[in-house]
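**Student:** With the input below, show me the fold.
(2 chains)
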Number of protein chains: 2
Amino acid sequence: MQEQPSNQITFNYIGRVNSPYKEKFAIPRQPGLVSAAKGSISLIDNANNEELLRGIEQFSHLWVLFIFHGTAQQGWKPLVRPPRLGGNKKLGVLATRSTFRPNPVGMSVVKLENIEQQNKQLIINISGLDLLDQTPVIDIKPYIPYSDSISGAQAGFAQQQPFQALSITFSKQAQEETKKYQQVYADLPLFIEQVLAQDPRPAYKKQQEDTKIYGMILYDLNILWQAQSSIEISVLSISKISG
Amino acid sequence: MQEQPSNQITFNYIGRVNSPYKEKFAIPRQPGLVSAAKGSISLIDNANNEELLRGIEQFSHLWVLFIFHGTAQQGWKPLVRPPRLGGNKKLGVLATRSTFRPNPVGMSVVKLENIEQQNKQLIINISGLDLLDQTPVIDIKPYIPYSDSISGAQAGFAQQQPFQALSITFSKQAQEETKKYQQVYADLPLFIEQVLAQDPRPAYKKQQEDTKIYGMILYDLNILWQAQSSIEISVLSISKISG
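**Tutor:** Numbering: from 1, shown residues only, chains lettered A, B, ... in the order given. Purely as a prediction, here's the structure:
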């Protein structure tokens, strides 16, 4: 970190995220919607020092400030189309949580599970994350209810949680495969259900019938699924990513 | 903005804060505690473009991500002494909202008053801010209640708002001076009361009698005050800063 002339500042990453979300598709649009998502932050360089975390276990939730590294190379846009509005209305980027911001910095509140040390590597285990694997972290702050939780805040189109009355079913094949992979990922069925309950399809296809078979990657698994009707998504198969 | 090799990223400032707080002393420890604090953010360079704000009026509150420019030059510390704990217990910097962070980035929720345009300058009027004048801004995001307001979050020592049962009185002289400056700053008495109700004194002097006369600067005014007893602060005088 140093403050520079000419309205710029340079930050050093303090950590990297380890996440089951290996690609942008199917990541929930806000943190907390998929509580079964479990991941971690590994602290790096000077920040890999247990003193920095002293007392952090008193907090149930943390803010993570991070870089939208998956889209940062695409630059930013003054206007974006929020999926909430069906993708057909433009809003100013600062009126949204879009990744295409003047500075590609995001903030997410996650649940703190515990702190772990493996050899000399400090690991902050978290859940409910909405972060892409390998996301660079620039800051971690405790969630402080009396200042962060604003009662009566108004948020127009984003007031309510996007509710999807989707039911999720598993094909016979997917059920058997799930059992097998649960030996490694115990919460796998719940995790898949919560991710699909968001309906990860593009906004214009949401809550519609749709014959397309979608694939999504969680951990090292490729999960194929299909919308059986406007209210049901079916998981077809689960397999290890080859290669 | 560009992503760089070697775990660094450079951000361009998108705005600057105009605040009545001209020095660090007496700034409330969290936003929202002093609702009568009114300020603004002026957008700069490429960000001074009304498209970026389209639709932002739907939100009652905004997150401001900013640089702790008043303390950034002092570098960071792994351990800090939160004023909440009386200043005599050390906690890890990432377990606090201290300014002395590995990357000197802060986040504050503020109330959005309105958007104004003066000539070609876009101004976001805000209240309840806890930001030093001229603070550089790197991002502005809408406050989204369903994802930002975590019901049941636990925060150990920082769970409750620091409550100060301080009553604030104005000396006869200060009353007369207040009336005069209210022509420029209508909310001045309420603003002074709310700032002093936090008891801006160092943690070890809080809620104690104390003969020292303190000065604090709000807007272009120097305000002198004194703790009359453990539960009362008296405003002695208000005058324009000379020079």
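
**Student:** Am I right that A:Asp199 is in contact with A:Leu166?
**Tutor:** Yes: the pair A:Asp199 / A:Leu166 is scored as a contact, 5.7 Å apart, by CB atoms under 8 Å. The C-beta positions use only the backbone N, C-alpha and C, and glycine is treated the same way.

**Student:** what sits against A:Leu221?
**Tutor:** Going by CB atoms under 8 Å, 6 or more residues apart in numbering or on different chains, A:Leu221 touches A:Tyr181, A:Tyr185, A:Leu188, A:Ile238, A:Ser239, A:Lys240, A:Ile241.

**Student:** Can you flag the buried ones in those?
**Tutor:** A:Tyr181, A:Tyr185, A:Leu188, A:Ile238 (16 or more other CB atoms under 10 Å in any protein chain shown).

**Student:** What about the third one? Give its phi and psi, please.
**Tutor:** Phi and psi for A:Leu188, reported as degrees, to the nearest 10, are phi -50, psi -50.

**Student:** Can you classify A:Ile192 by secondary structure?
**Tutor:** Following DSSP: H, G, I helix; E, B strand; the rest coil, A:Ile192 is assigned to helix.

**Student:** same deal with A:Gln175?
**Tutor:** helix.

**Student:** now the strands for chain A?
**Tutor:** With DSSP state E as the criterion, chain A has strands at A:2-3, A:8-12, A:15-18, A:38-43, A:61-67, A:79-80, A:91-92, A:105-118, A:121-127, A:136-142, A:167-170, A:210-218, A:221-229, A:232-240.

**Student:** can I get those in a markdown table with mean pLDDT?
**Tutor:** Listed next are these as a markdown table, based on pLDDT from 0 to 100:
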| stretch | mean pLDDT |
| --- | --- |
| strand A:2-3 | 50 |
| strand A:8-12 | 96 |
| strand A:15-18 | 98 |
| strand A:38-43 | 98 |
| strand A:61-67 | 98 |
| strand A:79-80 | 96 |
| strand A:91-92 | 96 |
| strand A:105-118 | 97 |
| strand A:121-127 | 98 |
| strand A:136-142 | 98 |
| strand A:167-170 | 95 |
| strand A:210-218 | 93 |
| strand A:221-229 | 94 |
| strand A:232-240 | 96 |
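
**Student:** Which one, of these, ends up nearest to B:Ala227?
**Tutor:** Closest of those to B:Ala227 is strand A:136-142, at 30.0 Å (criterion: CB to CB).

**Student:** between that closest one and strand A:121-127, how big is the angle?
**Tutor:** Taking axes from the mean of the first three to the mean of the last three CA atoms, to 10 degrees, strand A:136-142 and strand A:121-127 form an angle of 70 degrees between their directions.

**Student:** Strand A:136-142: partners in the sheet, and parallel or antiparallel?
**Tutor:** Strands adjacent to strand A:136-142 in the sheet, as given by DSSP bridges, are strand A:15-18 (antiparallel), strand A:61-67 (antiparallel).

**Student:** So for B:Arg81, which of these sits nearest?
**Tutor:** Distance to B:Arg81, taken as CB to CB, is lowest for strand A:61-67 among the strands paired with strand A:136-142, at 20.7 Å.

**Student:** Now do that closest one against strand B:105-118, angle only.
**Tutor:** Relative orientation of strand A:61-67 versus strand B:105-118 (the same axes, to 10 degrees): 70 degrees.

**Student:** For strand A:61-67, give me every contacting residue.
**Tutor:** Strand A:61-67 has contacts (CB under 8 Å, 6+ apart) with A:13, A:17, A:41, A:56, A:104-112, A:124, A:126, A:129, A:131, A:135-143, A:148, B:3, B:9, B:65, B:105, B:107, B:150, B:153-154.

**Student:** As CSV, the strands paired with strand A:136-142 with mean neighbour count would be great.
**Tutor:** As requested, those are arranged in CSV below (neighbours: other CB atoms under 10 Å in any protein chain shown):
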stretch, mean neighbour count
strand A:15-18, 22
strand A:61-67, 23
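
**Student:** and of those, who's closest to B:Lys206?
**Tutor:** Proximity to B:Lys206 (CB to CB) singles out strand A:61-67 among the strands paired with strand A:136-142, at 27.1 Å.

**Student:** measure the residue most central in space within chain A to chain B for me?
**Tutor:** Taking CA atoms, centre = their mean, the centroid of chain A lies closest to A:Asp130, which sits 1.1 Å from it. Distance of A:Asp130 to chain B, computed by CB to the nearest CB, to the nearest Å: 9 Å.

**Student:** Tell me the predicted confidence for the residue nearest to that residue when sequence neighbours are not counted.
**Tutor:** Distances taken as CB to CB, 6 or more residues apart in numbering or on different chains place A:Pro31 nearest to A:Asp130, at 4.4 Å, with adjacent residues excluded. A:Pro31 is assigned a predicted lDDT (pLDDT) of 79.

**Student:** One more: the one 5 residues further on?
**Tutor:** In this model, A:Ala36 is scored at 93, pLDDT.

**Student:** my read: it touches A:Ala197, true?
**Tutor:** No: checked against CB under 8 Å, the pair A:Ala36 and A:Ala197 is beyond contact range at 10.8 Å.

**Student:** ok, A:Lys172 to B:Ile115 distance?
**Tutor:** 56 Å (CB to CB, to the nearest Å).

**Student:** Which one's more surrounded, those two?
**Tutor:** Remark: of A:Lys172 and B:Ile115, B:Ile115 carries more neighbours, 16 against 7, as counted by other CB atoms under 10 Å in any protein chain shown.

**Student:** That one touches B:Gly55, doesn't it?
**Tutor:** No: contact criterion CB under 8 Å: B:Ile115 and B:Gly55 do not qualify, at 10.8 Å.

**Student:** ends of stretch A:118-132, how far apart?
**Tutor:** Counting by CA to CA, to the nearest Å, you get 22 Å between the two ends of stretch A:118-132.

**Student:** tell me which residues in it are buried?
**Tutor:** Neighbour counts over stretch A:118-132 (16+ other CB under 10 Å) mark A:Leu122, A:Ile123, A:Ile124, A:Asn125, A:Ile126, A:Ser127, A:Gly128, A:Leu129, A:Asp130, A:Leu131, A:Leu132 as buried.

**Student:** Which residue or residues pair with the fifth one through a beta bridge?
**Tutor:** Beta-bridge pairing of A:Ile126 under DSSP bridges involves A:Gly39, A:Leu112.
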